[in-house]
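A.B. asks: Everything below, folded, please.
(one chain, ligands or ions: 1)
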Amino acid sequence: MSDSNRTIGVGRTALFVGASRGLGLGLVQQHLARGWKVIATVRKPSDALHALSAEAGDSLVIETLDMNEPAQLEALADRLGSTRLDLLFVNAGVAHDPSQTIGSVSDEQFFHILRTNTLSPMRVVERLEGLVPSPGTIAVMSSSLGSVAMNETGGYETYRASKAALDTLLRSVAARRKDSRRTFLAVDPGWVRTDMGGPGANLDVETSTSGVTGMLEARRGTPGVFFVTYANKELPW
Ligand SMILES: NC(=O)c1ccc[n+]([C@@H]2O[C@H](COP(=O)([O-])OP(=O)(O)OC[C@H]3O[C@@H](n4cnc5c(N)ncnc54)[C@H](OP(=O)(O)O)[C@@H]3O)[C@@H](O)[C@H]2O)c1
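C.D. replies: Down below sits the predicted model:
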């Protein structure tokens, strides 16, 4: 990383929801390395994230949030008070058995996936977006599988639907907030070797999250709503 990249985020604060492992943890590392102050949420203590604290000192604040527990979101909002966020990034999500079709998924599983990937992330956005002034960025972790236009193979049916609905709701918030001149992003991180992506994925966490971090920097200050990959390529919704 160049010296200018190491200081690019000095004076800026980011909040990452779902930072215990995988892509969320990688995004925290990338932003700390660029001088950001980072607030990172976990559901339960994460050894990997806590290990970063030793080096990061005051630059890393770890908070608790299970997105599916509204009382925890309220408590987090209270603790944040009027903290100014330059970046709010809701990364957390869950997957499911890719072969399960809409005809075979149980009601319980369907609702759990839609709740965790769609309703809860957008509740976080709705509750905390007031902390992000212009020209800040509000991002959610989507997936290329959430593209309605690109769905020509099927598979991951409930997951696809949850991310497509997430993207639609993000567009709705962005449309309501058109005058705010902030950047709204639905992010596709690529297929990445995490617990969710599995060992056969073609990207490592470092490649994906450094790409996402560079894309966020490149898009900062560009108002509107975009569906964009870790390589800063726009996708059809
Ligand atoms: N990996 C890929 O190839 C890929 C591709 C496209 C999109 N994505 C998306 O990228 C995001 C991160 O994926 P990943 O690969 O890093 O997955 P991961 O390794 O399975 O990590 C998922 C993260 O989400 C958190 N989480 C799950 N449910 C939560 C809840 N109710 N409240 C708060 N946090 C919760 C987990 O916390 P715990 O540790 O407490 O479970 C964990 O930090 C997801 O939105 C996923 O859909 C991933």
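
A.B. asks: can you map out the strands along the protein?
C.D. replies: Here the chain has its strands, by DSSP state E, at 13-17, 37-42, 60-64, 87-90, 137-141, 183-188, 224-229.

A.B. asks: Can you show me the CA trace of the first one as CSV?
C.D. replies: In other words, strand 13-17. What follows is strand 13-17, C-alpha atoms only, in CSV (Å, rounded to 0.1, in the frame of the first residue of the first chain):
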residue,chain,number,x,y,z
THR,A,13,-15.2,7.2,10.8
ALA,A,14,-16.8,4.0,9.4
LEU,A,15,-19.3,1.7,10.9
PHE,A,16,-19.3,-2.0,9.7
VAL,A,17,-22.2,-4.2,10.8
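
A.B. asks: how far does it sit from the chain's center?
C.D. replies: 9 Å (CA atoms, centre = their mean, to the nearest Å).

A.B. asks: What is that strand packed up against?
C.D. replies: Packing partners of strand 13-17 (3 or more CB pairs under 8 Å, 6 or more residues apart in numbering; DSSP states H and E): helix 22-33, strand 37-42, strand 87-90, helix 120-128. Glycine gets a C-beta too; all of them are placed from N, C-alpha and C.

A.B. asks: Which among the ones you listed is found nearest to residue 103?
C.D. replies: Closest approach to residue 103 among the helices and strands packed on strand 13-17 is made by helix 120-128 (25.3 Å; CB to CB).

A.B. asks: which other helices and strands contact that closest one?
C.D. replies: strand 13-17, helix 70-80, strand 87-90, strand 137-141, helix 157-176.

A.B. asks: right, and the ones you listed - which one's nearest the ligand?
C.D. replies: Nearest to the ligand, of all the helices and strands packed on helix 120-128, is strand 137-141, at 3.8 Å by CB to the nearest ligand atom.

A.B. asks: and the helices and strands packed on helix 120-128 as JSON lines, adding distance to the ligand?
C.D. replies: Shown next, in JSON lines, are the helices and strands packed on helix 120-128 (distance: least, CB to the nearest ligand atom, whole Å):
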{"stretch": "strand 13-17", "distance to the ligand": "6"}
{"stretch": "helix 70-80", "distance to the ligand": "9"}
{"stretch": "strand 87-90", "distance to the ligand": "8"}
{"stretch": "strand 137-141", "distance to the ligand": "4"}
{"stretch": "helix 157-176", "distance to the ligand": "7"}
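
A.B. asks: how about the residues of this structure near the ligand?
C.D. replies: Counting by CB under 6 Å from any ligand atom, the chain comes close to the ligand at 18, 20-24, 43-44, 65-68, 91-94, 116, 141, 143, 189, 191-192, 194-197, 201.

A.B. asks: among these, which ones are buried?
C.D. replies: The neighbour count (16 or more other CB atoms under 10 Å) marks 18, 20-24, 65-67, 91-93, 116, 141, 143, 189, 191-192, 194, 196-197 as buried among those.

A.B. asks: Make CSV from the strands of the chain and add mean pLDDT to it.
C.D. replies: Output for the strands of the chain, formatted as CSV (pLDDT from 0 to 100):
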stretch, mean pLDDT
strand 13-17, 98
strand 37-42, 98
strand 60-64, 97
strand 87-90, 98
strand 137-141, 98
strand 183-188, 98
strand 224-229, 98
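
A.B. asks: Can you report phi and psi for the residue positioned nearest the centre of the chain?
C.D. replies: With distances taken as CA atoms, centre = their mean, residue 91 lies nearest the centre of the chain, 2.5 Å away. For residue 91, the backbone dihedrals (degrees, to the nearest 10) come out as phi -100, psi -30.
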